[in-house]
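Asks: return a 3D structure for these sequence lines:
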Amino acid sequence: MKIENWQDVDEHLVVDNDKAIIVKDSKLLDNPEALKAEMKKSGKPVREVRSKLVQKSVKSKVKTDPLKISGWFDRKHESDNAQKAEKLQGNKPVRQYKQIKNEVQFFGESFLEGFLGFYGLEVDNAVGRYEKNLHILETQELGSSEKEYYLARVKDGEQKRATDNLPSREVAEEELNKFYGRSREQELSETQALKQGRKEEEE
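Replies: Below you'll find the model as predicted:
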């Protein structure tokens, strides 16, 4: 069995020949028997599971700015719903969905349908961006401490490696930065901004 860790994806993909499972708890990776049992019980085709992993991870990071939602309704000539969008609190879709459900009298069914349409489009766009870009892929045979690093893309659940095995994560990061023409300073500021965003999300 092989473990795949994709850049910016929090969960692990465990692949066994043509089947795979998503593993959230990294402690489970130290228990091959439990993994084999889980693979036997709920393993599905690799491409399907890899695609689900990416979508799930990207979906959890999507933000829905009330002003963007308002603009979306405006473009559809639904000015009443555009005004209602400004009453949404925060930019987390789950929280906004709960608010809409709790205040269904105010928001109404057409707003809910429009909101879900907007959110679906945002998720599709975010998944598209993730699939278009190169990412660091870390692979490891279960039970081995040796890791391999590649630059790769994932498109519709299919892994497409862009490099041969790279000697370390640092080298992989350097290659990725070279490819995108980013300097180390930019990389650090982007990482700090990402960490700050996650911290705000948790609060």
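
Asks: from here on, contacts and neighbour counts on C-alpha atoms
Replies: Noted.

Asks: how is this protein divided into domains?
Replies: Annotated domains of the chain cover 2-60+134-202, 62-130 [automatic domain parsing].

Asks: turn these into TSV, including mean pLDDT.
Replies: Shown next, in TSV, are those (pLDDT from 0 to 100):
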stretch	mean pLDDT
domain 2-60+134-202	87
domain 62-130	92
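
Asks: can I get those domains in a markdown table including mean neighbour count?
Replies: Output for those, formatted as a markdown table (neighbours: other CA atoms under 10 Å):
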| stretch | mean neighbour count |
| --- | --- |
| domain 2-60+134-202 | 16 |
| domain 62-130 | 16 |
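
Asks: contacting residues for the residue lying closest to residue 122 once chain neighbours are set aside?
Replies: The shortest distance from residue 122 to any non-neighbouring residue, by CA to CA, 6 or more residues apart in numbering, is to residue 62 (7.1 Å). Applying CA atoms under 8 Å, 6 or more residues apart in numbering to residue 62 gives the contacts 92-93, 122-123, 126.

Asks: and the strands in this structure?
Replies: Along the chain, counting by DSSP state E, strands occupy 2-6, 12-16, 19-23, 44-45, 135-141, 147-155, 158-161.

Asks: format the ones you listed as CSV; extra columns: distance to residue 71.
Replies: Putting these into CSV (distance: least, CA to CA, whole Å) gives the following:
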stretch, distance to residue 71
strand 2-6, 34
strand 12-16, 37
strand 19-23, 36
strand 44-45, 40
strand 135-141, 32
strand 147-155, 30
strand 158-161, 35
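
Asks: these: which one's closest to residue 80?
Replies: Nearest to residue 80 among these is strand 147-155 (38.5 Å), distances taken as CA to CA.

Asks: which strands or helices does the closest one pack on?
Replies: When contacts are defined as 3 or more CA pairs under 8 Å, 6 or more residues apart in numbering; DSSP states H and E, strand 147-155 sits against helix 104-132, strand 135-141, strand 158-161, helix 169-180.
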